[in-house]
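> What follows is a predicted structure for the sequence shown.
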Amino acid sequence: MPIWGRSILLKLENISTHYGDVQALRNVSLGIKEGQIVSIIGSNGAGKTTTLNTISGVLRASSGTIEFLGRRIENLPPHQIVDLGVVQIPEARLLFPYMTVLENLELGAYTPKARKGKEENLKVVFRLFPVLEERKTQLAGTLSGGEQQMLAIARGLMAKPKLLMLDEPSLGLAPLLVKEVFEAVKEINAHGITVLLIEQNVFHSLSISDEAYVLENGRVVLEGEGKGLLDNPQVKEAYLGI
């Protein structure tokens, strides 16, 4: 089905979020259709991670609405938002380093729905990331940086997300591993999972995105087709160094 024929999965309307007296998001509105890859780009401190944390319920919106599959979620606790199918992979991975790869994956399947399909989900993530099956008895903290990132993504997939939100998945990785991460994101999307991506590598993220939003100082200042924004003079100057 073409993108234009798909229904809205996630919609933010005029979301504002504060850290105490400091306003981090200012009337942010965005929409994501089922099956899309959507990127949010912007400089450090622009509000990208705050946007993900507000969607996932880690932070409470001060005002505005968030709808997921037509249901208001801005006041739900994080575990209920995960139950609905919204899963966030945080920056810095946050694995359990003294637990094995398999134990980390099993912890990802903690919701009742995910537990029922745990064995099938394991097969899926091992097909996506064969190295994790090879390392399943190894302690997570002994994996390479790229392998740890794959494990973080795979652990999120164990929760059977409808929307997977990735925060800087290529941060600190060598160029070859960055390419592998983006190939994995495309493969995950090909399996029917919608992806919301925050990524410092603007060229790669826009290249694979159906839509993208540019945040500056907590506001959406630009939006459009991902590849189309690669040719935008403002994006070229600010984020691509052209």
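The structure has been received and is ready for your questions. Numbering: from 1, shown residues only.

> What residues does residue 180 make contact with?
Neighbour list for residue 180: 146, 150 [criterion: C-beta atoms under 8 Å, 6 or more residues apart in numbering]. C-beta here means a position set from N, CA and C on the backbone, and glycine is covered the same way.

> how far away is residue 77 from residue 48?
Relative to residue 48, residue 77 is positioned 23 Å away (C-beta to C-beta, to the nearest Å).

> One more: residue 124?
The gap separating residue 124 from residue 48 is 28 Å, by C-beta to C-beta.

> which one of those two has more residues nearby?
When residue 124 is set against residue 48 and neighbours are counted by other C-beta atoms under 10 Å, the residue ahead is residue 48, at 25 against 16.

> Hmm, the more buried one is touching residue 39, no?
No - distance between residue 48 and residue 39: 9.6 Å, which falls outside the contact criterion (C-beta atoms under 8 Å).

> Check the contact lists of these two and give me the overlap.
Common contacts of residue 48 and residue 39 (C-beta under 8 Å, 6+ apart): residue 198.

> and residue 152, helix, strand or coil?
Assigned with DSSP: H, G, I helix; E, B strand; the rest coil, residue 152 falls in the helix class.

> how about the strands in this structure?
8-19, 22-33, 37-41, 63-68, 71-72, 86-89, 163-167, 194-198, 211-216, 219-225 (DSSP state E).

> Turn those into a markdown table, columns for distance to residue 105 and mean pLDDT.
Conversion of the strands of the chain to a markdown table gives the following (distance: least, C-beta to C-beta, whole Å; pLDDT from 0 to 100):
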| stretch | distance to residue 105 | mean pLDDT |
| --- | --- | --- |
| strand 8-19 | 25 | 96 |
| strand 22-33 | 26 | 96 |
| strand 37-41 | 23 | 96 |
| strand 63-68 | 25 | 97 |
| strand 71-72 | 28 | 96 |
| strand 86-89 | 13 | 94 |
| strand 163-167 | 15 | 95 |
| strand 194-198 | 19 | 96 |
| strand 211-216 | 31 | 95 |
| strand 219-225 | 35 | 94 |
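
> Could you export the ones you listed as CSV, including distance to residue 174 and mean neighbour count?
As requested, these are arranged in CSV below (distance: least, C-beta to C-beta, whole Å; neighbours: other C-beta atoms under 10 Å):
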stretch, distance to residue 174, mean neighbour count
strand 8-19, 32, 18
strand 22-33, 30, 18
strand 37-41, 22, 25
strand 63-68, 35, 17
strand 71-72, 41, 10
strand 86-89, 19, 25
strand 163-167, 18, 24
strand 194-198, 19, 24
strand 211-216, 25, 22
strand 219-225, 29, 15
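
> For the residue nearest to residue 69 when sequence neighbours are not counted, which residues are in contact?
In space, and not counting its chain neighbours, residue 69 is closest to residue 9: 6.4 Å by C-beta to C-beta, 6 or more residues apart in numbering. Taking C-beta under 8 Å, 6+ apart, we find residue 9 in contact with 32, 33, 34, 36, 68, 69, 162, 163, 194.

> what's residue 72 in contact with, if anything?
Listed by C-beta under 8 Å, 6+ apart, the contact partners of residue 72 are 65, 66.
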